[in-house]
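Engineer: got a predicted model here, sequence first, then my questions.
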Amino acid sequence: MYLIKRSLYLIIFYIAVALFTCLSFSSLLTSYADTKVIQNGLTKNAVQLAIGPGSGGAVSSLTHEQLIERLEEKSESFVLFKDEDNLYAKSTYLHHARLPLLADSGGSKSPELFPENHVILDDSLMTSTTVRDGKRLFLYQGRSYEVLDSFVWVNKYMYRDSNIFVSLDLERPAYGTFFIDGISESDLDHLFSEWNSERPADFVYTIRPAVSGFLDRLALALRDQAFIVGVFGICMLLMMVSTLGTTLSWVQAKKDEIQARHLVGASSVQLRFWLLRQYSCILLLSFVLGNILAWLIAKWGVFDSLIREVTLFGSFVSLIFCFVIGTLTALISTARYDKRMRTRKKGTLS
């Protein structure tokens with residue numbers, strides 16, 4: 001209790017540091033974990049396929065129908081999405097597979113085939129439909145589509161799920177970005193390599209995993225948490241300066257105790273170890289209190305738009321960070337104090 005009373009300002013300071021670092025690291029790590037959850041319920045084995053015009057130009061006869069025929073020869077079941085010219089819709093083709101969003105939610109009405117001229121909608125868009133001749137229709141890009149089913153749209157923060165799934169128009173040119181789940185990357189590459197050798201002037205293609213590598217995922221997480229990262233960097237700079245001054249003041253406040261121990265024969269190494277042990281206890285107590293506050297803030301949703309949860313791993317990383325920064329600061333502060341005391345002794349002797 002005596003130690004706590006004498007170190008109250010240092011405890012308060014480190015509670016604030018622990019609170020901020022715990023929230024920041026948890027937010028960043030949560031965003032990084034979210035990058036593994038792909039858009040529209042695709043699995044980690046999904047593949048991204050980009051098809052562009054070859055030397056023959058975009059007027060070549062390559063169509064969606066020809067692409068689908070090739071894919072169906074390679075796999076008995078797959079899901080295909082094609083990017084539209086907006087962020088909320090996807091052209092979709094199901095080949096003996098269920099739409100992942102409906103299947104994941106246990107929707108028994110999820111079809112294994114997606115008929116042409118049909119659409120599957122976010123529930124919130126059902127109010128924009130009309131009923132004509134017993135059919136519920138939805139107008140999309142100047143064309144009416146019959147509503148096949150609906151689903152509850154959920155905001156997943158990192159990858160925005162689509163609100164509209166339109167059946168793939170088989171007669172349109174097969175140029176653009178596709179996401180395919182159900183065919184491995186190697187099988188797809190082999191298929192397109194053979195096809196491209198038959199029609200080299202019609203198209204060029206690239207194939208890569210839908211889930212990005214570590215650096216791409218990290219960059220995406222940093223971009224998602226740009227505000228947190230920016231504030232974290234500025235605050236860390238200020239904290240480093242403040243921590244050194246605060247710790248040095250704490251050491252100086254224990255001058256009488258240090259001198260008393262020195263008089264009874266304690267060496268500089270023993271004194272430094274004693275200070276580090278007390279400092280570590282203060283740091284641990286402060287971190288526990290700061291971590292509890294961070295969990296409560298996340299639970300109450302105080303910064304829900306920025307920080308969605310506090311994770312155990314985020315707390316652990318924050319603990320390591322605080323102990324590394326705290327220990328280094330304590331070592332620097334005690335070294336500076338020792339140097340200052342030796343300088344004073346030399347001045348007194350001279």
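Structural biologist: The structure has been received and is ready for your questions.
Engineer: tell me where the stretch 251-350 of the chain has helices.
Structural biologist: Using DSSP state H, counting those that start in this stretch, the helices of the stretch 251-350 of the chain run over 255-263, 268-300, 312-349.
Engineer: tell me the mean pLDDT over the second one?
Structural biologist: What that stands for is helix 268-300. Summarised as a single mean, pLDDT over helix 268-300 is 83.
Engineer: looking at the helices of the stretch 251-350 of the chain, which is nearest to residue 182?
Structural biologist: Of all the helices of the stretch 251-350 of the chain, helix 312-349 sits nearest to residue 182, with 32.1 Å by Cβ to Cβ. For every residue, glycine as well, the C-beta is placed using N, CA and C.
Engineer: what about that closest one, average pLDDT?
Structural biologist: On average, helix 312-349 scores 74.
Engineer: what's the answer for stretch 117-134, then?
Structural biologist: Per-residue scores along stretch 117-134 average to 91.
Engineer: now stretch 142-160
Structural biologist: Stretch 142-160 comes out at a mean pLDDT of 81.
Engineer: ditto for stretch 18-35
Structural biologist: On average, stretch 18-35 scores 81.
Engineer: can you give me how far that stretch is from the chain middle?
Structural biologist: On the basis of Cα atoms, centre = their mean, to the nearest Å, stretch 18-35 sits 9 Å off its chain's mean C-alpha point.
Engineer: would you mark the buried spots in it?
Structural biologist: Residues 18-32, 34-35 are the ones in stretch 18-35 that count as buried (16 or more other Cβ atoms under 10 Å).
Engineer: and what of stretch 64-73?
Structural biologist: Here stretch 64-73 shows 64, 67, 68, 71 as buried, counting by 16+ other Cβ under 10 Å.
Engineer: what's near enough to touch residue 247?
Structural biologist: By Cβ atoms under 8 Å, 6 or more residues apart in numbering, the contact set of residue 247 is 10, 279, 326, 329, 330, 332, 333.
Engineer: what about the third one, how many residues nearby?
Structural biologist: What that stands for is residue 326. 24 (other Cβ atoms under 10 Å).
Engineer: tell me who's in contact with the closest residue to it other than its chain neighbours.
Structural biologist: Leaving out its chain neighbours, the residue that sits closest to residue 326 by Cβ to Cβ, 6 or more residues apart in numbering is residue 283, at 4.6 Å. Residues near residue 283 by Cβ under 8 Å, 6+ apart: 14, 322, 323, 326.
Engineer: just the buried ones from the residues you listed?
Structural biologist: Among the contacts of residue 283, the ones that count as buried (16+ other Cβ under 10 Å) are 14, 322, 326.
Engineer: domains of the protein?
Structural biologist: The chain is divided into the following domains under automatic domain parsing: 2-35+218-349, 39-210.
Engineer: next one: the shortest one to chain centre, how far?
Structural biologist: The gap between where domain 2-35+218-349 is centred and where its chain is centred comes out at 26 Å by Cα atoms, centre = their mean.
Engineer: swap in the last one?
Structural biologist: Averaging C-alpha positions (Cα atoms, centre = their mean) puts domain 39-210 25 Å from its chain's average.
Engineer: what does the pLDDT read for the closest residue to residue 172 other than its chain neighbours?
Structural biologist: For residue 172, ignoring the flanking residues on the chain, the nearest one in space by Cβ to Cβ, 6+ apart is residue 64 at 5.6 Å. Listed pLDDT for residue 64 reads 93.
Engineer: which parts of the stretch 51-200 of the chain are strands?
Structural biologist: Ranges of strands in the stretch 51-200 of the chain, per DSSP state E, counting those that start in this stretch, are 78-83, 89-95, 118-122, 130-132, 135-140, 143-151, 164-167, 176-181.
Engineer: I'd like those strands as TSV, with distance to residue 49 and mean neighbour count appended.
Structural biologist: As requested, these are arranged in TSV below (distance: least, Cβ to Cβ, whole Å; neighbours: other Cβ atoms under 10 Å):
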stretch	distance to residue 49	mean neighbour count
strand 78-83	9	22
strand 89-95	13	21
strand 118-122	22	23
strand 130-132	35	10
strand 135-140	24	15
strand 143-151	24	17
strand 164-167	18	22
strand 176-181	4	20
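Engineer: now tabulate those in JSON lines and tack on distance to residue 256.
Structural biologist: Listed next are these as JSON lines, based on distance: least, Cβ to Cβ, whole Å:
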{"stretch": "strand 78-83", "distance to residue 256": "71"}
{"stretch": "strand 89-95", "distance to residue 256": "72"}
{"stretch": "strand 118-122", "distance to residue 256": "69"}
{"stretch": "strand 130-132", "distance to residue 256": "85"}
{"stretch": "strand 135-140", "distance to residue 256": "79"}
{"stretch": "strand 143-151", "distance to residue 256": "70"}
{"stretch": "strand 164-167", "distance to residue 256": "73"}
{"stretch": "strand 176-181", "distance to residue 256": "69"}
